[in-house]
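J.: give me the fold of what follows.
(one chain, ligands or ions: 1)
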Amino acid sequence: MSQPAVSMQIKQLESNVGLPLFEQVGKKIHLTEAGQHMRQYGRHMSDLLDEADEVFEAIKGVERGELSISVATTAGHFVTRLLAAFSRQHEGITISLDITNREALRHQLEQNERDLVIMGQPPEGLDVDAEEIMENPLVMIAPSNHPLVAEKNIPLSHFSHEHYVVREMGSGTRFAIERFFDQYGVSFNTGIVMTSNEAIKQAVEAGLGLGIVSIHTLELELETQRLKMLDVEDFPISRQWYILQRKGKRLSPVAQEFKAFVIEKASQFIRLPG
Ligand code: PGA
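T.: Now for the predicted structure:
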């Protein structure tokens, strides 16, 4: 800047503050008390602007920023491991995870509340960009001493008088099971209703009824043989996992990176015996 331009700026600053910032003593120019404060604030402001620049640059990359993910209750069984692996590779990213049921996910998508959603079948009537991640087979479970455990290819009709421990209405698993029984013309009788897969597994183990759950919820139970899968005709019920966002949503570089990571790696985070 030229000297007159600097003088102008100083005058303007002094008039904004309402106090002189400089004083001339003899031939030397000094800062007044207000001028010293102004210098301090000026340095702070300039540091903050540099810091903001760094943050914006980082957000343009994948090293900083926030990632908000919502997943179906059942997907919670493997997504936490995925998130742990992803955040180890991107330590500056803050992740928030909401685990909730299908109806709630639909609402969140409608409101465009989250970056990405992991769920079963994408909701109908909503414009979304969905990519399939992997299979999500639903299997019938029984306590390990159940009389049908050793049977092979048990006809579905055999279960028409059975009562099941089931997930709540609004659950994607429940929706898929009812559609499946309907398709095969076999009645599906709901017994006790529970909002958690963990509770269902415990209820089945305690003999409260049979259950139908995603195989991805059964890692420990199958390994320890506390529960057994029944070999039922036309089972497992075929279902898939998807990762999706509202159509037109502009994903941040971090969200794009996470989406690609999930599509490529999710199946490596499933630990089923055999
Ligand atoms: P849920 O969803 O946990 O709500 O049953 C899983 C799915 O949609 O398959």
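J.: do I have it right that R271 meets L218?
T.: No: taking contacts as C-beta atoms under 8 Å, R271 lies outside contact range of L218: 10.5 Å. In this view, the C-beta of every residue, glycine as well, is placed from N, C-alpha and C.
J.: of those two, which one has the most company?
T.: It is L218, of R271 and L218, that has more neighbours when counted by other C-beta atoms under 10 Å, with 22 against 12.
J.: quick one, grab the pLDDT at the more buried one.
T.: Among the per-residue scores, L218 holds a pLDDT of 94.
J.: and the residue of the stretch 51-200 of the chain nearest the ligand?
T.: Proximity of the stretch 51-200 of the chain to the ligand (C-beta to the nearest ligand atom) peaks at G172, 1.9 Å away.
J.: and that residue, what does it touch?
T.: Residues near G172 by C-beta atoms under 8 Å, 6 or more residues apart in numbering: A72, T74, N101, R102, M119, G120, Q121, R239.
J.: ok, how many other residues are close to the fifth one?
T.: Looking back up the chat, that one is M119. M119 has 25 nearby residues by other C-beta under 10 Å.
J.: mind checking the end-to-end distance for stretch 125-141?
T.: Counting by C-alpha to C-alpha, to the nearest Å, you get 33 Å between the two ends of stretch 125-141.
J.: buried residues, that stretch. List them.
T.: Going by neighbour count (16 or more other C-beta atoms under 10 Å), the buried part of stretch 125-141 is A130, I133, M134, N136, L138, V139, M140, I141.
J.: now swap in stretch 184-199 and tell me
T.: Buried residues in stretch 184-199, counting neighbours by 16+ other C-beta under 10 Å, are found at V186, F188, M194, N197.
J.: which parts of the stretch 151-274 of the chain sit against the ligand?
T.: Residues of the stretch 151-274 of the chain lying near the ligand by C-beta under 6 Å from any ligand atom: R167, S171, G172, T173, R239.
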